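*Asks:* Generate a structure from the sequence data that follows.
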Amino acid sequence: MIDLTTTYMGMPLKNPIVASASPISETVEGICRLEDAGASAVVMYSLFEEQINYQSQLLDHYLSYNIESYAEALDYYPDLEDYKVGPESYLELLRRAKEVTEIPIIGSLNGVSTGGWIEYAKKIEEAGADALELNTYFIPTDIAMTGTEIEQMYIDVLRDVKSSISIPVAMKLNPYFSATANMAFRLTEAGADALVLFNRFYQPDFDIENLEVVPHLVLSNSHELRLPLRWVAILYGRVPVDFAITSGVHTHEDVLKGMMAGAKVTMMASELLHHGVDRIDEILQEMTIWMEEREYTSVGEMQGSMSQQYVGEPSVFERANYMKVLQSWQSDPTGQMAHLSI
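*Replies:* Reported below is the predicted structural model:
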């Protein structure tokens, strides 16, 4: 019997496929479908700092509107700082999902600053979340802002959240730090229970007819797995934290590669949006067949087996791998590209 179980942030999971944040997790029915399809855990869609701040400001506006004319009416309201504002529907969805499912539910907060929105980490914990994922999506466009300041911002947000809750916290990162390994280590020292690699860099498109900037979301493909795969393989065994791979996980081969690199779980969204949640069960069956044919008995056997810690000279390995990729291009006698594997 193949053992597909793993652990993530101390949570025992029945397999390494976690449903990452997506529109599917915006309803209780969607979360139940993910559980029934075989997902070992679900990351809820993100609650944004801007949502919380906007609703707070909106309430402040209405409470303060015509304040001189209706000052006496304001006596009926509690102090604004004590007023329960924010997307309560998110917390209610989390509560209801926990009542009807048995798998871990991971809340998600998306923000970049320290401030009042972080208080929602505690609310998410109180609503029943088993863990929290911090999705710090930030594009540093200020030319006066240094790399050191950006890194410290991530550290500060993590520490503030960790100080307010007791459930495990995962930090979802982008791949654009100049010293990714050092940043991973510093976040671990600051209390991260897991690192999720990587956040996709969503880029808008231009409408040249109407001269507008327009959102343009493209679902991931398996080629995007290579970046997080590489970094998990580099960091495994060197940074004492659980790793999750996200972006580019579409097939059983992708999940297996993630395990061999050293991830505890692989997170999936695009594949499920494109082909339906039943893909989870199909992928788990394909994983089982692959492992049986190669005489693996458990996921634990393969975790980290292809990580860089088994290479004597990691820096030499990286340089050699870079050279091999560049040499992998071949052309046919006519000069046309015949094969390119990068």
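*Asks:* What residues of whatever helix or strand His274 lives in count as buried?
*Replies:* Using DSSP states H and E, His274 sits in helix 270-275. Within helix 270-275, the residues scored as buried using 16 or more other C-beta atoms under 10 Å are 270-272. Quick note: C-beta positions are derived from backbone N, CA and C, even for glycine.
*Asks:* now those residues as TSV including distance to Thr188 and pLDDT?
*Replies:* Output for the buried residues of helix 270-275, formatted as TSV (distance: C-beta to C-beta, whole Å; pLDDT from 0 to 100):
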residue	distance to Thr188	pLDDT
Ser270	28	92
Glu271	29	95
Leu272	30	96
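*Asks:* Tell me if I am right that Ala192 is in a strand.
*Replies:* No - under DSSP: H, G, I helix; E, B strand; the rest coil, Ala192 sits outside any strand and is assigned coil.
*Asks:* wait, what's in contact with the spatially closest residue to it that is not a sequence neighbour?
*Replies:* Nearest residue to Ala192 in three dimensions, chain neighbours excluded: Met171, at 4.5 Å (C-beta to C-beta, 6 or more residues apart in numbering). Met171 is in contact with 133-134, 136, 154, 158, 187, 192, 194-196, counting by C-beta atoms under 8 Å, 6 or more residues apart in numbering.
*Asks:* Looking at these, which are in strands?
*Replies:* 133-134, 194-196 (DSSP state E).
*Asks:* quick one: average confidence on the longest helix along the chain?
*Replies:* Longest helix in the chain, counting residues (DSSP state H): helix 147-164. For helix 147-164, mean pLDDT rounds to 92.
*Asks:* Distance from the chain centre to the helix or strand following that helix, please.
*Replies:* Later in the chain than helix 147-164, the nearest helix or strand by DSSP H and E is strand 169-173. Averaging C-alpha positions (C-alpha atoms, centre = their mean, to the nearest Å) puts strand 169-173 7 Å from its chain's average.
*Asks:* Can you list the strands that strand 169-173 pairs with?
*Replies:* strand 131-135 (parallel), strand 194-197 (parallel) (DSSP bridges).
*Asks:* Export those strands as JSON lines, with columns for mean neighbour count.
*Replies:* What follows is the strands paired with strand 169-173, written out as JSON lines (neighbours: other C-beta atoms under 10 Å):
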{"stretch": "strand 131-135", "mean neighbour count": "24"}
{"stretch": "strand 194-197", "mean neighbour count": "26"}
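*Asks:* quick one on the thing from earlier: got the angle between the longest helix of the chain and strand 169-173?
*Replies:* 160 degrees (axes from the mean of the first three to the mean of the last three C-alpha atoms, to 10 degrees).
*Asks:* now, which of the buried residues of helix 270-275 sits nearest Met306?
*Replies:* Set against Met306, the nearest of the buried residues of helix 270-275 by C-beta to C-beta is Glu271 (22.3 Å).
*Asks:* coming back round to it: ok, and what's touching the helix holding His274?
*Replies:* Counting by C-beta under 8 Å, 6+ apart, 19, 22-24, 34, 219-221, 249-251, 279-280 sit against helix 270-275.
*Asks:* Looking at the residues you listed, state which has the most neighbours.
*Replies:* Val249 (31 neighbours; other C-beta atoms under 10 Å).
*Asks:* where's it, which helix or strand?
*Replies:* Counting by DSSP H and E, no helix or strand carries Val249.
*Asks:* Would you mind measuring from it to Lys257?
*Replies:* 9 Å (C-beta to C-beta, to the nearest Å).
*Asks:* Common neighbours of those two, please.
*Replies:* Both Val249 and Lys257 are in contact with Leu225, where contact means C-beta under 8 Å, 6+ apart.
*Asks:* Where does the record place the domain boundaries for the protein?
*Replies:* Listed by automatic domain parsing, the domain ranges of the chain are 6-304, 311-342.
*Asks:* ranking those by mean pLDDT, which is last?
*Replies:* domain 311-342 (a mean of 58).
*Asks:* Nearest to Glu293 among the strands paired with strand 169-173 would be which one?
*Replies:* Nearest of the strands paired with strand 169-173 (C-beta to C-beta): strand 194-197, 29.0 Å.
*Asks:* What's the first helix or strand after that closest one?
*Replies:* Next along the chain after strand 194-197, taking DSSP H and E as the criterion, comes strand 205-207.
*Asks:* That next one - contacts with which helices or strands?
*Replies:* strand 212-214 (3 or more C-beta pairs under 8 Å, 6 or more residues apart in numbering; DSSP states H and E).
*Asks:* Identify each buried residue in the strand it packs on, please.
*Replies:* Buried, per 16+ other C-beta under 10 Å, within strand 212-214: nothing.
*Asks:* and if you look at stretch 136-154?
*Replies:* Of all the residues in stretch 136-154, those buried under the rule 16+ other C-beta under 10 Å are 136-138, 150-151, 153-154.
*Asks:* Send me it as CSV with only the CA atoms.
*Replies:* Output of stretch 136-154 as CSV, limited to C-alpha atoms (Å, rounded to 0.1, in the frame of the first residue of the first chain):
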residue,chain,number,x,y,z
THR,A,136,2.8,39.7,0.6
TYR,A,137,2.4,40.9,-3.0
PHE,A,138,4.4,44.1,-3.4
ILE,A,139,5.9,45.8,-6.4
PRO,A,140,8.6,48.3,-5.3
THR,A,141,8.3,51.1,-7.8
ASP,A,142,9.6,53.9,-5.5
ILE,A,143,13.2,54.6,-6.7
ALA,A,144,14.1,55.8,-3.3
MET,A,145,13.2,52.5,-1.6
THR,A,146,16.1,50.2,-1.0
GLY,A,147,16.3,46.5,-1.1
THR,A,148,17.0,46.5,2.6
GLU,A,149,13.8,48.4,3.4
ILE,A,150,11.8,46.0,1.3
GLU,A,151,13.2,43.0,3.0
GLN,A,152,12.6,44.6,6.4
MET,A,153,8.9,45.2,5.5
TYR,A,154,8.4,41.5,4.9
